[in-house]
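Q: only the shape, not the letters, is given here:
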């Protein structure tokens, strides 16, 4: 199944529309960025405004979506409890917090920036 179909089914199972799901994904990115900014002592804005880091995160999130769908397709396809599925997806997305693209961070996020 292609990634667009997987995403459409996930969105339906979560009871969201595409804009809500995009905002949901962005919120998860912001949480990831907060963790990375704290761990790497970087300005949050330098991470959250960087399009390359956003694209990297989306690539990682697509892997999470695929795994989420593969492991939960019976529940997703039967449109069971959206809140539980939401919690499971968030939990799986938190795994991205364990990794970060060090090369992109070094390229785009100046450790010497201050406010």
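A: Structure's in. What do you need? Remember, it's a predicted structure, so these values are computed and weren't measured experimentally.

Q: please enumerate the helices of the protein.
A: 3-14, 18-40, 44-48, 51-77, 82-93, 102-108 (DSSP state H).

Q: residues making contact with the second one?
A: Contacts of helix 18-40 with the rest of the structure, by CB atoms under 8 Å, 6 or more residues apart in numbering, involve 7, 10-11, 14, 16, 42-44, 46-48, 53-54, 57-58, 61, 90, 93, 96-97, 100, 105, 109, 111. Heads up, the C-betas are built off the backbone N, CA and C, glycines and all.

Q: what sits closest to residue 69 if chain neighbours are left out?
A: residue 6 (4.7 Å; CB to CB, 6 or more residues apart in numbering).

Q: who touches the one you found in this structure?
A: Contacts of residue 6 by CB under 8 Å, 6+ apart are 65-66, 69.

Q: cutoff 10 Å now
A: Going by CB atoms under 10 Å, 6 or more residues apart in numbering, residue 6 touches 62, 65-66, 68-70, 73, 76.
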